[in-house]
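Asker: give me coordinates for this.
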Amino acid sequence: MRTGEPLPAVGEVLAALATGLWHWDTATGLVTVDAEAARLLGLPAEGTVLTEAQTRARLHPVDWNEITGVIQLAVAEGTLAEVRIRIMDDQGRVVRVVRSRSKPSFDPVKRAYELIGTLQEVTEPRPGTPADRTAVTGDWRRSREAFLLDAGRALAEARSTEEVLRVAAGLSMPGFSPDGLAVFGVEGDRLTVIGHHGHRPGDESPFTQMSLQTDYPAAEVARTGRAVYLSSPEQYKARYPLTWPLAAHFGRQSWAFLPLTVAGRTMGAWMAAFTHPVAFTPDERSVLTTVARMLAQALTRAGAAETQRELTEGLQRSMLPTLGPEIPGMTLAARYIPTGGGLQVGGDWYDMIPLPGGTSRTRSGGGRFALVIGDVQGHDVRAAGLMGQLRIALRAYAAEGHRPDAVLSRASRFLYGLTHTDGADATADLRFATCLYIEVDPVTGVLETARAGHLDPAVRMADGTVLVRSTAGGLPLGIDPDADYPTTRLALEPGEALMMCTDGLLETGGHDLDTGWRRVRGILETHEGGLEELADALVQAVHGPSSHHTTGPLADRREDDIAVLLVCRQGEGNGLGAATPVRPPGRRTVLTVAQAEPERIAESRRQVRELLHDWACADQVDSAVLLVSEMLTNVLVHTDADALLLAEVTGAPGERRLRIEVTDTSDDLPHKRRPGELASSGRGLVLIELLADEWGVAPRGEGKSIWFDLYEPSAGVSEDVSEGAA
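Answerer: Down below sits the predicted model:
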């Protein structure tokens, strides 16, 4: 071409360069192409108008979706849209790869995109290839898709901000992995550093609490919501001269600052820095933008989860008390484990309440105290709220000096008032609560218990024998505002420990109350160590790794909250955690059988069997159980009084004595009779005389006591007796 001659037409130039021209208007849904563009699309070489569906049929499906994403990104950043497109034939085979460059625009009135661009056949280069190196053709697109899938999965599984940052630092982007990362957040009008990778500790100091108005790329991104790409140090220095000295000493060659946007709100910025020059092609920008979006969502989820955990843990901690100062002669331990899912708050609770007044005082000036454990139905926010209110009410009623039965009666009326309303939704969310309330006298070891539908307490004797102490009880709190809660008096001997727990301790891991109790009882019987170690062992047995191998028959049972409260009365050289354990001289159990509670005779037989769990002669155990049943029945049938059972084992193994004593307030002494063959009664004393080694009747100030003794035979004698019986 000679100087002064007119330039050739644009169409002629494009045709000479084998470059086609296309126009796409999303408002009309039409794509207009010239002859060269039609040829590149695999159509006859003539200008034509295509629908979006016809155009999409000529392109690889993945590339069509990428075109729409790149167009939106280019409009948002005010840059050119460049994308590589695979052209397909009618058989679904790739016939060529073309590059499209266009300048899209967005009409907010029509809410439509319009673009005019070029199409040119090219060899697909690997992104990140420096300009002075030959482009390498490879399956980079497939690698990118695999990388994004892996990155998305890893970020979705991250559960904390620290874990999200660790995943982001380990991302290996195909072809252009950054070696320096930083995540910036926004607090008010300040830029903060949430985390970084590839920098030394302390390098983030100049960027912490930086004003959003600072001439710094991350501040601009957080302020405007638009990405900033800097391909060279010269470009960085020219665009941000004031803050360039802060970045210069890191020795990087390229930087990408991308907004962290969630639901249209920019929450911060992500910086990816490279030690090699990067051109930031549309493909590279697309990968970075996708990672930034996933990173923003992961940080949002992690932040919400951390806030929720902090809130729920704080809520639960505020509702669960400390066990207070040390009590002379007593040690206490407690554990609370929330259920594994949801908000991790629930309705289980425990408490220790100092009581006013009292007839006995400890040397430190403290007196009696109450131990409370309970479980509000459910393990959600409402259950936690009701638990907090109920706990405060129980403390208030106890502080007024009421006895255990009165405390639970008032608490039941209080909970009934909270959960029962007169509106249309009066039965929408009725709740009840189980509770065990025990007043403890630390000097005498006397326990006054009242129970509202809760599990009975268990006592571990000084020699390791474990008994469930049956106590009188009433309905769960909140069901009947006029419910009564009878009290039961127990005694905690020196060296004995009492366990109170919620049903979650027994039923966790698919167990029912029976199989769960057998598992927990084994821990109580075999434990050696202090009370804190026992609490840990109980929780570990049902929640630790070993619990997965000891699932119960109900393997699909839903997990529940766990609350455990332990109290031990220390003795001279015995008790949990004693430095020099001394074997206790004996063990005993006490049980009251009221006239209106004949079913407690069965409980008496069970407790005697548990008391004699290691007795050498099984026949004597059967005899003792039979005689206990006979003696208690005689009291209930022939008198109007209640019966008090005392069973005591003393002596060394192989030389022990069992004494069982039944006391009542009737003055009528029993008489030995000769019942006929068909008589239905009158054999009580005959059985005692036949089966007991010694027995007797002792008048009391008010009433009488019937007792009998059994002496444990040695192992050899027991075997001889068994062989003789055989």
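Asker: strands along the stretch 1-150 of the chain, start to end?
Answerer: For the stretch 1-150 of the chain, strands defined by DSSP state E, counting those that start in this stretch occupy the ranges 19-25, 30-33, 48-51, 81-88, 94-102, 105-107, 112-121.
Asker: give me the element K237 is part of.
Answerer: helix 233-239 (DSSP states H and E).
Asker: per-residue confidence averaged over that helix?
Answerer: Here helix 233-239 scores 92 as its mean pLDDT.
Asker: do stretch 202-218 as well
Answerer: Averaged across stretch 202-218, the pLDDT comes to 83.
Asker: now stretch 72-79
Answerer: So the average pLDDT for stretch 72-79 ends up being 79.
Asker: need the strands of the stretch 1-150 of the chain in JSON lines (columns: distance to E448).
Answerer: No exception for glycine: its C-beta is placed from N, CA and C like everyone else's. Shown next, in JSON lines, are the strands of the stretch 1-150 of the chain (distance: least, C-beta to C-beta, whole Å):
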{"stretch": "strand 19-25", "distance to E448": "85"}
{"stretch": "strand 30-33", "distance to E448": "88"}
{"stretch": "strand 48-51", "distance to E448": "87"}
{"stretch": "strand 81-88", "distance to E448": "81"}
{"stretch": "strand 94-102", "distance to E448": "86"}
{"stretch": "strand 105-107", "distance to E448": "78"}
{"stretch": "strand 112-121", "distance to E448": "80"}
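Asker: in the helix holding K237, what's buried?
Answerer: By 16 or more other C-beta atoms under 10 Å, the buried positions in helix 233-239 come out as P233, Y236.
Asker: one more: stretch 401-413?
Answerer: H402, P404, D405, A406, V407, L408, S409, R410, A411, S412, R413.
Asker: ok, now which ones touch G117?
Answerer: G117 makes contact with L21, W22, W24, A81, S100, R101, S102, K103, according to C-beta atoms under 8 Å, 6 or more residues apart in numbering.
Asker: drop anything exposed from these.
Answerer: Among those, those buried by neighbour count (16+ other C-beta under 10 Å) are L21, W22, W24, A81, S100, S102.
Asker: nearest to L524, out of those: which one, please.
Answerer: A81 (71.9 Å; C-beta to C-beta).
Asker: which residue packs closest to the closest one, ignoring adjacent ones?
Answerer: Nearest non-adjacent residue to A81, counting by C-beta to C-beta, 6 or more residues apart in numbering: A74, 3.7 Å away.
Asker: residues contacting the one you found?
Answerer: So A74 contacts L80, A81, S102, K103, P104, P282 (C-beta under 8 Å, 6+ apart).
Asker: can you check G464 too?
Answerer: Listed by C-beta under 8 Å, 6+ apart, the contact partners of G464 are E525, T526.
Asker: show me the helices in the stretch 251-400 of the chain, by range?
Answerer: Using DSSP state H, counting those that start in this stretch, the helices assigned to the stretch 251-400 of the chain run over residues 282-319, 381-399.
Asker: in the last one, what's buried?
Answerer: In this case it means helix 381-399. Buried, per 16+ other C-beta under 10 Å, within helix 381-399: 383-388, 390-391, 393-395, 397-398.
Asker: tell me the helices and strands packed up against it.
Answerer: Judged by 3 or more C-beta pairs under 8 Å, 6 or more residues apart in numbering; DSSP states H and E, helix 381-399 is in contact with helix 282-319, strand 348-354, strand 369-376, helix 404-419, strand 433-440.
Asker: tilt between the longest one and strand 348-354?
Answerer: To tie it back to what came earlier, the one meant is helix 282-319. Here the directions of helix 282-319 and strand 348-354 differ by 40 degrees (axes from the mean of the first three to the mean of the last three C-alpha atoms, to 10 degrees).
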